[in-house]
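1. pasted the sequence and its predicted model underneath.
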Amino acid sequence: PNTDQVPSTRTSTSSSLGIRKESSPLFDTKYFGPARVIDEPPGWLFDKNVDIIEYWERTMGRFWIRAQMAHYLWRPSSGLRLAMEERLRPLLTDGPLLGRPFIGLHIRYSDNIRNFENDFGRDPAVTRSLKHYMQIANDIRKTTGITDIYVATDSVYMLQDLLRNFSNEWTIHVQDRVPRTKTQDWVWYRDSRSSSAPAIAADVEMLRRADYVIGAAQSNVYRLIMELNMAYHAGTYLWTTNRHRIVDIEWYEDP
């Protein structure tokens, strides 16, 4: 089968909010597993000398292992979950992306740009250009027919350019009330850290659910997004499907 095709059946979130209950439409326990997506190592139940983690690492790879760990650990506290749901409701529960496939863009273009060329030898004006992101998005659209984009960015200018130049070709969705900057000043978000966590977490949650994601692997947030996204869609797409697109360097493992 063509694994790039969007599946015809999808799990939709419920329209009944109930956000003060432990099990909520956006954070139901079914999203957190454990859901077995591969078999145990042959003979594992009978031979305790078989290391199940090493077996999975050899057969599935480090990225798969990291994805399962991140998936298990992604459990927002009740307070953060309520704040995230307030932000996600207009997009998912009551909004235009309910049950629709979409591409997620993570465009980190502020204080990390100044170190990128020195650390990785790449020109961010080329690899992080909006044109590069949209070329990849267009390639995905050709094989899937997806026309909705959710964008998470810290750059005011990137968002303005996206809305100005691509709104005729794409349906663009963005989260409101998110701290963004027009500068590349180092740690520009320092004074807003205490209030920005729900916005950042909501962006991660949206991209966790995206059918395809595009971003820069220099960002530790995007590396986490790729891992969470792979595990979230374990029952929807083959894990070998090329759904995680990178504009600059490859995924690498954090310490």
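-> Thanks, I have it. Residues are numbered from 1 along each chain as shown.
2. residue boundaries of the helices in the stretch 51-200 of the chain?
-> 52-60, 62-73, 78-88, 113-120, 124-127, 130-144, 156-166, 193-209 (DSSP state H, counting those that start in this stretch).
3. how about the ones you listed in a markdown table, adding distance to Ile249?
-> Glycine gets a C-beta too; all of them are placed from N, C-alpha and C. Shown next, in a markdown table, are those (distance: least, C-beta to C-beta, whole Å):
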| stretch | distance to Ile249 |
| --- | --- |
| helix 52-60 | 22 |
| helix 62-73 | 14 |
| helix 78-88 | 29 |
| helix 113-120 | 5 |
| helix 124-127 | 9 |
| helix 130-144 | 13 |
| helix 156-166 | 19 |
| helix 193-209 | 18 |
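4. out of these, nearest to Phe102?
-> The minimum distance between Phe102 and the helices of the stretch 51-200 of the chain falls on helix 193-209, with 8.3 Å, by C-beta to C-beta.
5. what is the burial count for the nearest residue to Glu253 once chain neighbours are set aside?
-> Distances taken as C-beta to C-beta, 6 or more residues apart in numbering place Arg62 nearest to Glu253, at 5.9 Å, with adjacent residues excluded. Using other C-beta atoms under 10 Å, Arg62 has 12 neighbouring residues.
6. kindly report the same for Leu91.
-> The burial count for Leu91: 20, using other C-beta under 10 Å.
7. so what's it closest to, chain neighbours aside?
-> Leaving aside its sequence neighbours, Leu91 sits nearest to Leu97 (C-beta to C-beta, 6+ apart; 5.2 Å).
8. list the contacts of that neighbour.
-> Neighbour list for Leu97: 91, 148, 150, 173 [criterion: C-beta atoms under 8 Å, 6 or more residues apart in numbering].
9. out of those residues, who has the most neighbours?
-> Going by other C-beta under 10 Å, Tyr150 tops the contacts of Leu97 with 22 neighbours.
10. so that one makes contact with Pro101?
-> No - with contacts counted by C-beta atoms under 8 Å, Tyr150 stays clear of Pro101, the gap being 11.0 Å.
11. tell me the pLDDT of the residue nearest to Glu253.
-> We have a pLDDT of 83 for Arg62.
12. any idea how far Trp251 is from it?
-> Using C-beta to C-beta, to the nearest Å, Arg62 is found at 9 Å from Trp251.
13. repeat that for Gly121.
-> Separation of Gly121 from Trp251 (C-beta to C-beta): 17 Å.
14. looking at those two, which has the bigger crowd around it?
-> Of the pair Gly121 and Trp251, Trp251 is the one with more neighbours under other C-beta under 10 Å, namely 14 against 8.
15. not counting sequence-adjacent ones, nearest residue to that one?
-> The spatial neighbour of Trp251 that comes closest, neighbours along the chain excluded (C-beta to C-beta, 6+ apart), is Ala217 at 5.1 Å.
16. looks to me like the one you found is in a strand.
-> No - Ala217: not assigned to a strand; according to DSSP: H, G, I helix; E, B strand; the rest coil it is coil.
17. surely it meets Glu250?
-> Yes - with contact defined as C-beta under 8 Å, Ala217 counts as touching Glu250 (6.1 Å).
18. neighbour count for these two, which is higher?
-> Legend: neighbour count by other C-beta under 10 Å for Ala217 and Glu250, higher for Ala217 (17 against 6).
19. and that one, what does it touch?
-> Shown in contact with Ala217 (C-beta under 8 Å, 6+ apart): 223, 226, 246, 248-252.
20. 6 Å instead?
-> If you count contacts by C-beta atoms under 6 Å, 6 or more residues apart in numbering, Ala217 has them with 223, 246, 249, 251.
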